[in-house]
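> Provided below for reference: sequence and predicted model.
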Amino acid sequence: MFDIFLLSLVAAANASLLAAVTVMLFLPDPKRLLLGYLAGGLLTSLTIGFLIVFVVHDASSTETARNTVSPSIDIALGAISLLVAYVLRAGHDQRLRERRRAGKPEVEKGPSKVEQLLGRGSARVTFALGVVLTLPGVAYLAALRDLQKLDYGAGVEILVILGFNAMLLILLEVPLVGYFVAPERTVVEVQRFRAWLTRRGRAMAVGAFAVIGVLLLIRGVIGYLT
């Protein structure tokens with residue numbers, strides 16, 4: 001269970017979500033926009049989580065399938081995590097963006113497509129963005145695999161998935177609560193946290209993905225040997 005909680009912390013470190021929250025906080029009626037995004041995000045994330053645990057798990061519930069598929073998934077997810085850590089640590093993603101910019105004429109950078117959509121100030125748009133952008137990452141898939149291995153009852157599994165998703169979208173939930181309590185202070189704190197994440201976010205992401213990758217690979221190898 002501790003592994004699932006650790007993975008939820010990793011999944012919560014979502015720079016894209018934080019950027020979207022920051023934009024919504026400066027638009028008219030941010031409470032309505034945040035609620036729309038939260039509803040869309042939960043719809044996608046919970047649906048995928050329940051499908052994986054209660055449909056995919058039931059479809060491959062034999063002991064043979066568990067012994068074969070589970071280690072393979074652990075190794076695959078571990079390899080992906082290490083690859084992401086390597087790309088972030090070496091800065092390959094930054095160099096790729098620089099090469100793309102070098103091949104294009106210098107133009108003033110405008111708002112991204114997501115920022116343009118958010119700028120419409122529509123709760124329907126933020127709901128749609130929440131549905132599209134809240135897709136399961138490596139940490140979420142690994143947590144669902146851990147949950148399947150624990151063999152809890154259906155009620156406990158539902159509570160764990162709900163708890164994980166609450167942590168997954170905490171960057172959205174905290175400002176939403178703060179908007180009801182202290183809206184002006186919430187905007188300032190989100191901006192401050194975003195600046196801190198810009199300075200330290202890459203190093204934290206590298207460490208988190210590396211640790212998760214190693215743990216998953218070790219567990220996958222042990223699963224094959226046993």
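Yes, it's here.
> Show me what the top helix by length along the chain is packed against.
Ranked by residue count and defined by DSSP state H, the top helix of the chain is helix 183-225. The contact analysis (3 or more CB pairs under 8 Å, 6 or more residues apart in numbering; DSSP states H and E) places helix 183-225 against helix 2-12, helix 15-25, helix 63-90, helix 138-150, helix 170-181. Where you see a C-beta, it was placed from the backbone N, CA and C, and this is true even at glycine.
> Save these as JSON lines, and put in mean neighbour count too.
Shown next, in JSON lines, are the helices and strands packed on helix 183-225 (neighbours: other CB atoms under 10 Å):
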{"stretch": "helix 2-12", "mean neighbour count": "18"}
{"stretch": "helix 15-25", "mean neighbour count": "20"}
{"stretch": "helix 63-90", "mean neighbour count": "16"}
{"stretch": "helix 138-150", "mean neighbour count": "21"}
{"stretch": "helix 170-181", "mean neighbour count": "17"}
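> Mind telling me which of the ones you listed the model trusts least?
Ranked by mean pLDDT, these bottom out at helix 63-90, which scores a mean of 71.
> So what angle separates the directions of it and helix 138-150?
If you take axes from the mean of the first three to the mean of the last three CA atoms, to 10 degrees, helix 63-90 sits at 160 degrees to helix 138-150.
> Can you list the helices and strands that helix 63-90 packs against?
Using 3+ CB pairs under 8 Å, 6+ apart: helix 63-90 touches helix 138-150, helix 183-225.
> Tabulate the helices and strands packed on helix 183-225 in JSON lines, adding columns for distance to residue 157.
Formatted as JSON lines, the helices and strands packed on helix 183-225 follow (distance: least, CB to CB, whole Å):
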{"stretch": "helix 2-12", "distance to residue 157": "11"}
{"stretch": "helix 15-25", "distance to residue 157": "25"}
{"stretch": "helix 63-90", "distance to residue 157": "16"}
{"stretch": "helix 138-150", "distance to residue 157": "6"}
{"stretch": "helix 170-181", "distance to residue 157": "21"}
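> Those: which one's closest to residue 195?
Residue 195 lies closest to helix 15-25 among those, at 10.4 Å (CB to CB).
> I'd like to know which elements the closest one is packed against.
helix 30-51, helix 113-118, helix 123-133, helix 170-181, helix 183-225.
> redo that, cut-off 7 Å
helix 30-51, helix 113-118, helix 170-181, helix 183-225 (3 or more CB pairs under 7 Å, 6 or more residues apart in numbering; DSSP states H and E).
> How far off centre is the third one?
Between the mean C-alpha location of helix 170-181 and the chain-wide mean there is a distance of 17 Å, by CA atoms, centre = their mean, to the nearest Å.
> Report the angle between it and helix 123-133.
Taking the same axes, to 10 degrees, one finds helix 170-181 and helix 123-133 inclined to each other by 160 degrees.
> since we're on the closest residue in space to residue 154 that isn't next to it in sequence, how many residues are nearby?
Closest residue to residue 154 apart from its sequence neighbours, by CB to CB, 6 or more residues apart in numbering: residue 54 at 7.3 Å. When neighbours are counted by other CB atoms under 10 Å, residue 54 registers 15.
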